[in-house]
Structure formats: C-alpha cells, structure tokens
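Engineer: predicted model follows, preceded by the sequence.
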Amino acid sequence: MDFSQQVVVITGAGNGIGLGIAHAFIEKNARVVVAEINANSGNRAVQELEAAGGEAFFVQVDVADEPQVERMVQAVLEKYGRIDILVNNAGVVGHHLITELDREEWDRQLAVQLTGPFLTSKHIARHMIARGGQGKIVNISSVSAVMGRVKGGSHCVSKGGLTMLTKVLAMELGQYQINVNAVAPGLIDVPAQRNEDNLSSEYQNRYLKEVPLERMGTPEDIAQMVLFLSSPEANWITGQLFLVDGGLMAGHLSFQGVHDFAMLYGH
Ligand SMILES: NC(=O)c1ccc[n+]([C@@H]2O[C@H](COP(=O)([O-])OP(=O)(O)OC[C@H]3O[C@@H](n4cnc5c(N)ncnc54)[C@H](O)[C@@H]3O)[C@@H](O)[C@H]2O)c1
C-alpha cells in the first residue's frame, strides 16, 4: 500500500487512535492533515509526525461547528489542492446513567461524534464530487454502535447513528466512486483510557475477560483496517461497519467456559 501524493484529513488526530492512524498513513507516504480542536495536541502531533519523516499540517477545528469545518476544508485545499481521504475520528468521553446525564453532555457527544462526521463528510464529499469523484471516507465508530452499555447513553446513540450515516453516505456517494465505511474498535489502549477517572483498572480487567484475544487493542490495530479501507484494494466495499475488537462481539466468554457448559447441558 502506498498513499504518495494523497491527502488524508484525520479529525481528532492530536491524540490516541487518530494519532496512531496518522502515523500509519505517514509510513505509507500520505500527507496528513491533523484536524484537531486542541492546538497543543495538534501542534505536538505535527512535530511528532514530521520527526517520523512525514508531511503533516495542523488545522484547528471544532468538527461540530459548520463554519469552522468549512474553513478547515478551505485551508487544506489552499495548501494541498485536494483531499483524497477523510477519517472521522474525533471523540469526547462521557459516562453517565441516562437518569443522571446532563443535556449539555448529551448534546456535546452527539455534536462531536455524529454531527461532526456529517459536517466534515458533507463539505469534503462536495470537493471530491467537484473534482470528478473518487475518494474514501472512514468513520471511527465503536462496539458501542451495536452493543448497549450501562452509562453509555449518548456515546452508544452517537455511534449507532454513525452506522446509519455511513450507510446513507455510501448510498448517495457510490455513483461518484466515493467509498464510505466504518471501523468499530473495542477497548483501545490510549492515554485517555488509562485515566482512572475515565475507566477504572477493575473495569478494564473485567472487560478483558470477555475478549478472546485477551488484550486491549492498540491504535495500530485500528489503523491497519483504516489503511485497507482507504486503499484501492477496498474499491468495491462500501456502507459497511467492521468490528476490530479482539473478538469481543463474537460471543460471551463468561457464559461459555467448561463449567457454564456443564451447567447448561447437565454434564
Ligand atoms: N479508545 C477506545 O477504547 C475507543 C474505543 C472505541 C471507539 N473509540 C473511538 O475512537 C475515537 C478516538 O478516541 P480516542 O480514544 O483516541 O480518544 P482521545 O481522547 O485520545 O482522542 C480524541 C481526540 O479528538 C479531539 N477532539 C475532541 N473533540 C473534538 C472536536 N469537536 N473537533 C476536533 N477534534 C476534537 C480531542 O482533542 C482528541 O485529540 C473516538 O471517536 C472514540 O469514540 C475509542
């Protein structure tokens, strides 16, 4: 796989999974746009990517704000003249029971994780269509798109909506040879996840007991699927959600051990 001359816009690429995806594209010679709300993270990411020998460009943007998204797209087109690939990755954390969930947190999570991909896709797809078609859009979803989770309200709902946005975009953009797919990670080892205020180590240990491949994922695990879906090898794949979760969604390990089996079948 080689992405020479191609321009990839990655939202939220200042940290975590987005930064991992940026590194993977740099290794394959793409030019990476770090479309990030946090200036410190964005500038640091560009330094890191350049130190790795790549070409990267930071544009500060809140993906939930349409004028800012339009300005970001304009800035990229002024610098590079083209956008070939969009990765909608920006996300915000929030864990509350629905009965305790503030309206502000609900609104913000949907704004960043659902309205954001709508706005970036809208303006970048317009550019892809205007230049004659072809392009790839990859949405970073979550297993929370297909699995309800306690305290996951606004997160699960935003990712569930992102699945349908992926399908509708695929239907509308297929005629222009623009592929739109989503990648659903399981639990990924990023600095934000190691924060005890976010997910306790007890939660992580219990979660890992349900993962057949017995480890958290890495940004690199997700990046490899994003690279594939962005490549010509995936030209006939669109409108799909791909689980990259160490096998989490294959079944419930805790109900299928030898003892559970004996309990269920009486031997
Ligand atoms: N880490 C996991 O275990 C995991 C699992 C499943 C899905 N995901 C998804 O992967 C994506 C990345 O998550 P992460 O764990 O790397 O998180 P992270 O917090 O490490 O990175 C998210 C980045 O998005 C940026 N961002 C937030 N709001 C933004 C906005 N309005 N506009 C532009 N940038 C914004 C943040 O500043 C940050 O740099 C998210 O969509 C998340 O839901 C993560």
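Structural biologist: Arrived safely. Residues are numbered from 1 along each chain as shown.
Engineer: what about residue 104, which helix or strand?
Structural biologist: Taking DSSP states H and E as the definition, residue 104 sits inside helix 103-110.
Engineer: near the ligand, which residues of the stretch 101-250 of the chain?
Structural biologist: Neighbours of the ligand within the stretch 101-250 of the chain, by Cβ under 6 Å from any ligand atom: 112-113, 116, 140, 142, 185, 187-188, 190, 192-193. Placement of C-beta: from N, CA and C, glycine included.
Engineer: the residue of the stretch 51-200 of the chain found nearest the ligand: what secondary structure?
Structural biologist: Residue nearest to the ligand within the stretch 51-200 of the chain: residue 91 (2.5 Å; Cβ to the nearest ligand atom). Three-state assignment for residue 91 (DSSP: H, G, I helix; E, B strand; the rest coil): coil.
Engineer: circling back: now for the residues of the stretch 101-250 of the chain next to the ligand: which two are most distant?
Structural biologist: The largest separation in those, counting by Cβ to Cβ, is between 116 and 187 at 22.0 Å.
Engineer: compare these two (neighbour count), which wins?
Structural biologist: Each of residue 116 and residue 187 has its neighbours counted (other Cβ atoms under 10 Å); residue 116 has more, 29 against 21.
Engineer: you'd agree the more buried one is up against residue 92?
Structural biologist: No - using Cβ atoms under 8 Å, residue 116 is not in contact with residue 92, being 9.7 Å away.
Engineer: and the pLDDT at residue 244?
Structural biologist: The score at residue 244 is 98. That number is its pLDDT.
Engineer: what about the residue nearest to it when sequence neighbours are not counted, helix or strand, and which?
Structural biologist: Nearest non-adjacent residue to residue 244, counting by Cβ to Cβ, 6 or more residues apart in numbering: residue 225, 5.1 Å away. When elements are assigned from DSSP H and E, residue 225 belongs to helix 219-230.
Engineer: ok, residue 44 next?
Structural biologist: If you go by DSSP H and E, residue 44 is part of helix 39-51.
Engineer: ok, is that helix in contact with the ligand or not?
Structural biologist: Yes - Helix 39-51 comes into contact with the ligand (Cβ under 6 Å from any ligand atom), by way of residue 41.
Engineer: now the lengthiest helix in the chain and helix 103-110, what's the angle there?
Structural biologist: Counting residues, the longest helix found in the chain (DSSP state H) is helix 153-173. Angle, helix 153-173 to helix 103-110, by axes from the mean of the first three to the mean of the last three Cα atoms, to 10 degrees: 30 degrees.
Engineer: buried sites along helix 153-173?
Structural biologist: Within helix 153-173, the residues scored as buried using 16 or more other Cβ atoms under 10 Å are 153-163, 165-167, 169-170, 173.
Engineer: how about stretch 101-108?
Structural biologist: Buried residues in stretch 101-108 (16+ other Cβ under 10 Å): 101, 105-106, 108.
Engineer: per-residue confidence at residue 261?
Structural biologist: On pLDDT, residue 261 comes in at 60.
Engineer: residue 133 in helix, strand or coil?
Structural biologist: coil.
Engineer: thought it was touching residue 174?
Structural biologist: No - the pair residue 133 / residue 174 is not scored as a contact, 10.1 Å apart, by Cβ under 8 Å.
Engineer: if we can go back for a sec, and the angle for the helix or strand just after the longest helix of the chain with helix 153-173?
Structural biologist: Toward the C-terminal end, the helix or strand that comes next after helix 153-173 (DSSP H and E) is strand 178-185. Relative orientation of strand 178-185 and helix 153-173, computed by the same axes, to 10 degrees: 160 degrees.
Engineer: packing partners of strand 178-185?
Structural biologist: helix 116-130, strand 135-140, helix 153-173, helix 219-230, strand 241-244 (3 or more Cβ pairs under 8 Å, 6 or more residues apart in numbering; DSSP states H and E).
Engineer: let me have the ones you listed in CSV, extended by distance to residue 48.
Structural biologist: What follows is the helices and strands packed on strand 178-185, written out as CSV (distance: least, Cβ to Cβ, whole Å):
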stretch, distance to residue 48
helix 116-130, 23
strand 135-140, 19
helix 153-173, 27
helix 219-230, 13
strand 241-244, 23
